[in-house]
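K.L.:
Structure for the following, please:
(chains A and B)
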Amino acid sequence: MQTHASGCSGTARNVKSGYLGGKVTGYRDGAYCEVTNALYSNTATWGWQVSSNVCSNPSGTQEFYTVGYGAIYSDGSRGGTVGYVWSWRTSPSQNY
Amino acid sequence: MEDRKIYRWAAALGVAAAIAITPLSLAAADSSRPPTKGRVPAAAFQANGNLDKSKVPDFIPALDRAGNQVGYVSRDLAMPDPSEAGSEVPIPVYADDLTTIVGSMMPGRGFVPRGARASDVPSFVVRTSENP
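P.N.:
Numbers count the residues shown, from 1 in each chain, chains lettered A, B, ... in the order given. Below is the predicted model of the structure:
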C-alpha cells in the first residue's frame, strides 16, 4: 500500500515562520503496519505531500487505512510544536 | 530556545517512561479487567479522519514488512495523543502474553526483532514533493 498524505482538514493556524510536520501510520485489516518518521518542511508553498509504502499487499482484498498526524512548529527547531493540525484516512477496501 | 529544548526532552522522557511501564500501566489503570487485544475495527476509522480510540482494543497486532504478524503493540503508543505524535521513539512489540518484548516498531524502519540492531534493518523510502 502506498499512501499519499496530502489531504487535510481541521483548524487553520497562522504562523509567522516555521515548519510543517507530518507522520503517517498504516493499518492493514486492522493490524499495525509501519509508521514513517516525522517529516518536516518549511517550503513556502500551499502544500506538500509525503508518499511511502507502509503496508505490504498480499493477493486478495484488504482493508487499508492510514492515519496521519500533522503539526506546526514555532520555528526551525523541531521541538517547538505549537499546534496539532489534522488527521486523515485513506479509502479502505483495495485490491491491486 | 531553552523552552523548546525542555519541551523536547520532556516529551522524549514521557514516551520512554510510557514504554518502560507498559503494559503494567494498563493493568494498573483498569485492574477490573485484563487488557484486550485484537484488530482495529473499521468503525474506528471515522469518515472525518478522526480515529475513535474507544473502539480499539488495548493491544493491536503488529506486522513486519512482509506482512507477517510479529506480536502486539499498545494502542496508546501506536495511536499517541496529538501532542506526542511527532515522537521518533520506537514502540515495543509484545508476544501473545502481552508481557514479553519480542522487538520494537521503529519509525521509518518497521519491525526490529529484539537483539537486532536497528541499523541492520533498512529504512523504507519516503518521498516528499511540493504542491500535491
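
K.L.:
State the pLDDT value of residue 79.
P.N.:
In the absence of a named chain, this looks at chain A. The model reports A:Gly79 with a pLDDT of 53.

K.L.:
right idea, wrong chain: chain B
P.N.:
Per-residue pLDDT puts B:Met79 at 87.

K.L.:
quick one: it and B:Leu51 touch, right?
P.N.:
Yes: assessed by C-beta atoms under 8 Å, B:Met79 is found in contact with B:Leu51 at 6.1 Å. C-beta: built from backbone N, CA, C; applies to glycine.

K.L.:
Need the residues touching each of the two.
P.N.:
Common neighbours of B:Met79 and B:Leu51 (criterion: C-beta atoms under 8 Å, 6 or more residues apart in numbering or on different chains): A:Val67.

K.L.:
what is A:Tyr65 paired to in the beta sheet?
P.N.:
Bridge pairing for A:Tyr65 (DSSP bridges) gives the partners A:Tyr27.

K.L.:
Burial check on it, number of neighbours?
P.N.:
Burial of A:Tyr65 is recorded as 24 neighbouring residues (other C-beta atoms under 10 Å in any protein chain shown).

K.L.:
same thing with B:Pro61?
P.N.:
Neighbour tally, B:Pro61, other C-beta under 10 Å: 22.

K.L.:
Then B:Gly49?
P.N.:
Neighbour count for B:Gly49, taken as other C-beta under 10 Å: 17.

K.L.:
State the distance from it to chain A.
P.N.:
Shown here: B:Gly49 relative to chain A, a distance of 4 Å by C-beta to the nearest C-beta, to the nearest Å.

K.L.:
Then B:Val56?
P.N.:
Between B:Val56 and chain A the computed distance is 9 Å (C-beta to the nearest C-beta).

K.L.:
Same check on B:Leu98?
P.N.:
Computed as C-beta to the nearest C-beta, the B:Leu98 to chain A distance reads 14 Å.

K.L.:
ok, now which ones touch that residue?
P.N.:
B:Pro23, B:Pro35, B:Lys37, B:Phe59, B:Tyr72.

K.L.:
again with B:Phe124
P.N.:
B:Phe124 touches A:Glu34, A:Ser52, A:Asn53, A:Val54, B:Arg65, B:Gly108, B:Arg109, B:Gly110, counting by C-beta under 8 Å, 6+ apart.

K.L.:
and if we set it to 10 Å?
P.N.:
With contact taken as C-beta atoms under 10 Å, 6 or more residues apart in numbering or on different chains, B:Phe124 is in contact with A:Glu34, A:Thr36, A:Asn37, A:Ser52, A:Asn53, A:Val54, B:Arg65, B:Gly108, B:Arg109, B:Gly110.

K.L.:
Where is pLDDT lowest across those?
P.N.:
Lowest pLDDT of the contacts of B:Phe124: A:Ser52, 75.

K.L.:
Not counting its neighbours along the chain, what's nearest that residue?
P.N.:
Take A:Ser52 and drop its neighbours on the chain: the residue closest to it by C-beta to C-beta, 6 or more residues apart in numbering or on different chains is B:Val126, 4.2 Å away.
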